[in-house]
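Undergrad: build me a model from this:
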Amino acid sequence: MSDTVTVRALATLAPFAPPGGVASIGPGETVGELADRLGIEPEALGSVLVNEAPAGLDAVLAPGSVVSFVPPITGG
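TA: Model prediction:
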């Protein structure tokens, strides 16, 4: 059995969410590596949250974490 994280890909990133919103992760896998596997380009990200806290692409994921990929937000 592999370790998993819950993935929330919001707004325009929704098509990149894994089936069922759950992704397997390997030992030492980072947020950036997960984003790459899901096909999310770094420039498509406005921010990333891990367990509701801001995280960088180099953050190492732990099993059971919740990863939220948020696109850039603009407005007027």
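Undergrad: so which elements touch the top strand by length along the chain?
TA: When the chain is parsed with DSSP state E, its longest strand is strand 3-9. If contacts are counted by 3 or more C-beta pairs under 8 Å, 6 or more residues apart in numbering; DSSP states H and E, strand 3-9 sits against strand 22-25, helix 31-38, strand 66-70. In this view, the C-beta of every residue, glycine as well, is placed from N, C-alpha and C.
Undergrad: quick one: residue 30 and residue 60 touch, right?
TA: Yes: between residue 30 and residue 60 there is a contact under C-beta atoms under 8 Å: 5.7 Å.
Undergrad: tell me how far residue 33 lies from residue 44.
TA: Note on residue 33: its distance to residue 44, by C-beta to C-beta, to the nearest Å, is 16 Å.
Undergrad: what's the answer for residue 25, then?
TA: 20 Å.
Undergrad: higher neighbour count, these two?
TA: Applying other C-beta atoms under 10 Å to residue 25 and residue 44 shows that residue 25 carries more neighbours, namely 20 against 15.
Undergrad: wait, what's in contact with that one?
TA: Neighbouring residues of residue 25 by C-beta atoms under 8 Å, 6 or more residues apart in numbering: 2, 3, 4, 5, 34, 61, 63.
Undergrad: how close does the spatially closest residue to the second one that is not a sequence neighbour get to residue 22?
TA: By the measure of C-beta to C-beta, 6 or more residues apart in numbering, the closest residue to residue 3 outside its immediate chain neighbours is residue 63, 3.6 Å from it. As for residue 63, its distance to residue 22 is 11 Å (criterion: C-beta to C-beta).
Undergrad: shared neighbours, these two?
TA: 4, 5.
Undergrad: show me the contacts for the spatially closest residue to residue 72 that is not a sequence neighbour.
TA: Setting aside the residues directly before and after it, residue 72 is nearest to residue 46 in space (C-beta to C-beta, 6+ apart), at 3.7 Å. Counting by C-beta under 8 Å, 6+ apart, residue 46 touches 70, 71, 72, 73.
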